[in-house]
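[1] build me a model from this:
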Amino acid sequence: MDSYLFIKTLHILSSVLMVGTGFGSAFYLFFANRGGKVVAQAEVARLVVRADLWFTTPAVIFQPLSGLWLMEQTGFSFSQFWIFATLALYTLAACCWLPVLWLQHRMYRIADAAARSGAELGPVYWRYAKYWEYLGYPAFVAMLAIYGLMVFKPA
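    Numbering: from 1, shown residues only. Reported below is the predicted structural model:
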């Protein structure tokens, strides 16, 4: 396999890992929050933080690096609509994702402390959970749009 196909394969796989881990993590924390079991919320939040550290963050870093390398190899340029739109949407997703990292880490700390003490989750946790959820929607839609742009490459 030549280097182009190797990097392209890694680019595709890392995009699947990034979006899949993000969606899966969001799914589990979203429903753990609705279940109302503080111990479960703490454990799921802990695993969401870990999944972002182990899987999502490396993929988030690799995506633009591999994408720029692939762009150079194929002769695409920033002046092409789909490249520009992809980068703009990726920036939007990143601007949503960065505060989400902080929020879910704080949510984990709050839920863990509550689970250890047998307390209920207070209003700060729920405020963070609301922001976490609201930031996730545009990030996820942006990533789906990026998939469409990369597959169809509209002019």
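
[2] same for the helix or strand containing residue 149, what does it pack against?
    If you go by DSSP states H and E, residue 149 is part of helix 123-152. Helix 123-152 sits against helix 3-35, helix 81-117, with contacts defined as 3 or more Cβ pairs under 8 Å, 6 or more residues apart in numbering; DSSP states H and E. For every residue, glycine as well, the C-beta is placed using N, CA and C.

[3] now do 10 Å
    Contacts defined by 3 or more Cβ pairs under 10 Å, 6 or more residues apart in numbering; DSSP states H and E place helix 123-152 against helix 3-35, helix 38-51, helix 57-74, helix 81-117.

[4] for residue 147, find the nearest of the ones you listed.
    helix 3-35 (7.4 Å; Cβ to Cβ).

[5] what's the angle from the closest one to helix 38-51?
    170 degrees (axes from the mean of the first three to the mean of the last three Cα atoms, to 10 degrees).

[6] where does residue 119 sit: helix, strand or coil?
    coil (DSSP: H, G, I helix; E, B strand; the rest coil).

[7] so what's it up against?
    38, 110, 113 (Cβ atoms under 10 Å, 6 or more residues apart in numbering).

[8] okay, now the first one: neighbour count?
    One way to gauge burial is a neighbour count; for residue 38, by other Cβ atoms under 10 Å, it gives 22.

[9] ok, so of the contacts of residue 119, who is nearest residue 7?
    For the contacts of residue 119, the nearest to residue 7 is residue 110 (40.7 Å; Cβ to Cβ).

[10] which other residues reach stretch 138-151?
    11-12, 15-16, 18-19, 22-23, 26, 63, 67, 70, 81-98, 100, 154.

[11] oh, that last question was meant for stretch 83-92, not what I typed.
    Counting by Cβ under 10 Å, 6+ apart, 60, 63-64, 67-68, 71, 76-78, 80, 138-139, 141-150, 153-154 sit against stretch 83-92.

[12] quick one: that stretch to chain centroid distance?
    Distance, stretch centre to chain centre, for stretch 83-92: 15 Å (Cα atoms, centre = their mean, to the nearest Å).
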